[in-house]
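Visitor: missing the sequence, but the structure's below:
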């Protein structure tokens, strides 16, 4: 399946506004709901493992397993808890229910396990014990109290619902005890003793768990508010990288979907000075991207800083696949399609170069192949996070954020002058990376296959590349071979000089079967849906 950044459709403006007025909109953010569903799965597995080892295995080695199945009161609670856990695990893993529905059912599961534990602990536990020996320090709290606290902390819920589940769980202890009394298997206690020994301690535990539920739910609401980036609200994570996280998002009022890139200063794992440099670079990425107008450069909608210091910018949400995944899934691409893609990449880089900018991190993962309305194989260049001004600029001192001796970029696509640590870097470094990009698309491999960072830099700086046509079985036009090798020249002066020159050279490459819009549409029809690649 072609990777899709867009994970779903955006509701109409009217329903979007209406949904923000409902009580559910005041609940937990979707990301926390999904985490809670995964925790429910973990809890059910813990219960199943505990029952298997604590009940089945223990009684087996003690030679008492057969005795456990002589009376329903012995095996019934255990089988009930196993069945409840399997049902809950199946519902949580099915993906057919909304996370909020799964968590509502999980509260029923909490109550079911509490009653199963109560019956399991108290069945025939007080036989022949006189009432005088029934004291709180002897009986103590059961596993139900621990279960209520643990479940509440692990699985957040609306406080009112959590309280109802906790009360229904807590009363299982006195109710089961009274059932034992009625069956003649436990001594009769007065109301005060019943409260002190069975009801009070578990209701107190339920109260503590309820306080925890309120705190956790309030923290979830604060997370939700923190996820509101300007006029946008985060929906779900799409990925992460060296320059931050990327989330899908929706505008509060508009139908237009978006992607939000953000960076948390406290998650960088560096000192404050280093964090300041990284945040400045991130802010520069937003400013630089906003200044570019090529349709093949990802479009920026908004950027800013949240109250907790998280910097973000909002860009268009793309549907398609990056070139790294394209080749990884579908193999080397037809030369005519490669030329079609490269010319669009050059259109984006050409504008940046004319504005005095160098991308410095052109690689397959930063080039996205999209389907836009009725346009197929439409290229978007992403991540201008390492961009650098190569001409005089009034803010050059602020924008030159790389420390002395620091090499930034991706080694497998790094121009020799960057690999050598030279300061004089211009747009021709990006064109070298375009040559590496073409190599990847044509052959499915890197220009140099090295296993270490240093060896890769040395190869790009000193070793001549092998022509793409010698590394792949399908034919590559000699003229295209020549264009790629021209991009991969070690000396910038020997290389193709501008993106416009490269577009012109690519335009002179002739094919028996050019890459047309019909061929592109057919490829996307076969491979752009939910099925396996054709």
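Guide: Received the coordinates, thanks. Every value quoted in this text rests on a predicted model; they were computed, and no experiment measured them. Numbers count the residues shown, from 1 in each chain.

Visitor: Toward the C-terminus, what is the element adjacent to whatever helix or strand residue 482 lives in?
Guide: Element membership for residue 482 (DSSP states H and E) is helix 478-487. Toward the C-terminal end, the helix or strand that comes next after helix 478-487 (DSSP H and E) is helix 499-507.

Visitor: which helices and strands sit right next to that following helix?
Guide: Using 3 or more Cβ pairs under 8 Å, 6 or more residues apart in numbering; DSSP states H and E as the contact definition, the elements that helix 499-507 packs against are helix 335-354, helix 427-443, helix 478-487. Where you see a C-beta, it was placed from the backbone N, CA and C, and this is true even at glycine.

Visitor: Let me know the angle separating the last one from helix 499-507.
Guide: Angle of helix 478-487 versus helix 499-507, following axes from the mean of the first three to the mean of the last three Cα atoms, to 10 degrees, is 160 degrees.

Visitor: So which other helices or strands are in contact with helix 478-487?
Guide: Identification of packing neighbours for helix 478-487 by 3+ Cβ pairs under 8 Å, 6+ apart yields helix 335-354, helix 427-443, helix 499-507.

Visitor: my guess is residue 370 is in a strand, correct?
Guide: Yes. With DSSP: H, G, I helix; E, B strand; the rest coil as the criterion, residue 370 is located in a strand.

Visitor: ok, the nearest residue to it once chain neighbours are set aside to residue 335 distance?
Guide: If you skip the residues right next to it in sequence, residue 370 has residue 320 as its closest partner in space, 4.0 Å away by Cβ to Cβ, 6 or more residues apart in numbering. Between residue 320 and residue 335 the distance, using Cβ to Cβ, to the nearest Å, works out to 21 Å.

Visitor: Over to residue 58?
Guide: Applying Cβ to Cβ, the value for residue 58 to residue 335 is 67 Å.

Visitor: Could you do residue 519 as well?
Guide: Plainly put, residue 519 is 13 Å away from residue 335 if you go by Cβ to Cβ.

Visitor: Neighbour count: those two, which is higher?
Guide: In terms of neighbours (other Cβ atoms under 10 Å), residue 335 is the more surrounded of residue 519 and residue 335; the figures are 24 against 17.

Visitor: and residue 99, how many residues sit next to it?
Guide: Other residues lying near residue 99 total 20 when counted by other Cβ under 10 Å.

Visitor: any chance you could read off phi and psi for residue 183?
Guide: Main-chain torsions, residue 183, degrees, to the nearest 10: phi -80, psi 0.

Visitor: my bad, should have said residue 127
Guide: Backbone dihedrals for residue 127, given as degrees, to the nearest 10, come out at phi -60, psi 130.

Visitor: Could you find the closest non-adjacent residue to it?
Guide: The nearest residue in space to residue 127 (Cβ to Cβ, 6+ apart) is residue 185, at 5.2 Å.

Visitor: for the helix ranked longest in the chain, packing partners?
Guide: Across the chain, the helix with the greatest residue count (assigned by DSSP state H) is helix 200-226. With contacts defined as 3+ Cβ pairs under 8 Å, 6+ apart, the packing partners of helix 200-226 are helix 30-51, helix 143-154, helix 159-170.

Visitor: try it again with 10 Å
Guide: Packed against helix 200-226, as judged by 3 or more Cβ pairs under 10 Å, 6 or more residues apart in numbering; DSSP states H and E, are the following elements: helix 30-51, helix 99-122, helix 136-139, helix 143-154, helix 159-170, helix 172-182, strand 232-241.

Visitor: got CSV for those, with mean pLDDT too?
Guide: Listed next are the helices and strands packed on helix 200-226 as CSV, based on pLDDT from 0 to 100:
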stretch, mean pLDDT
helix 30-51, 88
helix 99-122, 93
helix 136-139, 68
helix 143-154, 92
helix 159-170, 93
helix 172-182, 92
strand 232-241, 73
